[in-house]
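Trainee: only the shape, not the letters, is given here:
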């Protein structure tokens, strides 16, 4: 799948937003499907192969946060949330449950297109730097990350779902253990974009990742905060060859 042929599902209860965005993305050589509700979106996801979901938070019936949680748990497709200016809490919750990015309404279609492309890059490509470990599986503290299958296995041999952003973040840490990585470096490695003044996306992703791999997320032992520096991964990383 190339970005120019990506299939985008647009979920918004406002018809004019759905249709205008679909027209714009189609003009930029992307395939689109529109849905006016979470129920319609679930049907579209069952019937089509979707590469990314643009999802409005505020919808009647099942809201966007509920659908986003389902998409993250089932690892169906990356999610970009559409939020209103006054929805700061919902936006933060959306990022915490696994959304890959967000755009605030009213939005510039060019900005949304740029964010779609960035998320697709993050979901389908490896970091641009040459990685020091060339392997398909990385083990740490009883966990195993299968990079080919994009699957995380816990010490009890249970698969733990990761959003595309969480996968790329964990991969960046495992490729560079015991190296202090700034937020700017992590954002570049995971999404290929620069850090904005109020951008908390990396902090939110680190928080979500800690809840999945740390025994006590409030007192993390694997992903340490380096005050004034960023984050570092302290676990012992090994290649799995068998």
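Mentor: In hand now; what should we look at? If you're wondering where the values come from, they're calculated on a predicted model, not measured in any experiment.

Trainee: okay, domains of the protein per the record?
Mentor: Domain ranges of the chain: 3-124, 137-239, per automatic domain parsing.

Trainee: from the contact counts, what lies against the lowest-mean-pLDDT helix or strand in the chain?
Mentor: In the chain, no helix or strand scores lower on mean pLDDT, DSSP states H and E than helix 88-97, which sits at a mean of 75. Here helix 88-97 touches helix 64-74, strand 79-83, strand 101-104, helix 201-213, going by 3 or more Cβ pairs under 8 Å, 6 or more residues apart in numbering; DSSP states H and E. To be clear about C-beta, it is placed using only N, CA and C from the backbone, and glycine gets the same treatment.

Trainee: quick one on the thing from earlier: okay, the domains of the chain in JSON lines with mean neighbour count next?
Mentor: Converted to JSON lines, the domains of the chain look like this (neighbours: other Cβ atoms under 10 Å):
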{"stretch": "domain 3-124", "mean neighbour count": "18"}
{"stretch": "domain 137-239", "mean neighbour count": "17"}
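
Trainee: can you map out the helices along the chain?
Mentor: With helices called from DSSP state H, the chain shows them at 15-27, 38-47, 64-74, 88-97, 109-124, 164-175, 183-191, 201-213.

Trainee: quick one: low-confidence ranges for this structure?
Mentor: The model of the chain has pLDDT under 70 over residues 1-4, 75, 85-88, 124-135, 191-200, 242.

Trainee: if we can go back for a sec, what's the closest of the helices and strands packed on helix 88-97 to residue 112?
Mentor: The closest of the helices and strands packed on helix 88-97 to residue 112 is strand 101-104. By Cβ to Cβ, the value is 5.1 Å.

Trainee: from the contact counts, what lies against that closest one?
Mentor: The criterion is 3+ Cβ pairs under 8 Å, 6+ apart, and the helices and strands that strand 101-104 contacts are strand 79-83, helix 88-97, helix 109-124.

Trainee: pull up the pairing partners for the first one, direction included.
Mentor: In its sheet, strand 79-83 lies beside strand 52-56 (parallel), strand 101-104 (parallel), with partners assigned from DSSP bridges.

Trainee: report the inter-axis angle for that strand versus helix 64-74.
Mentor: Computed by axes from the mean of the first three to the mean of the last three Cα atoms, to 10 degrees, the angle separating strand 79-83 from helix 64-74 equals 170 degrees.

Trainee: how far is strand 79-83 from where the chain is centred?
Mentor: Centre-to-centre, strand 79-83 and its host chain are 11 Å apart (Cα atoms, centre = their mean, to the nearest Å).

Trainee: make a markdown table out of the helices and strands packed on helix 88-97 and add distance to residue 237.
Mentor: Formatted as a markdown table, the helices and strands packed on helix 88-97 follow (distance: least, Cβ to Cβ, whole Å):
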| stretch | distance to residue 237 |
| --- | --- |
| helix 64-74 | 25 |
| strand 79-83 | 29 |
| strand 101-104 | 28 |
| helix 201-213 | 13 |
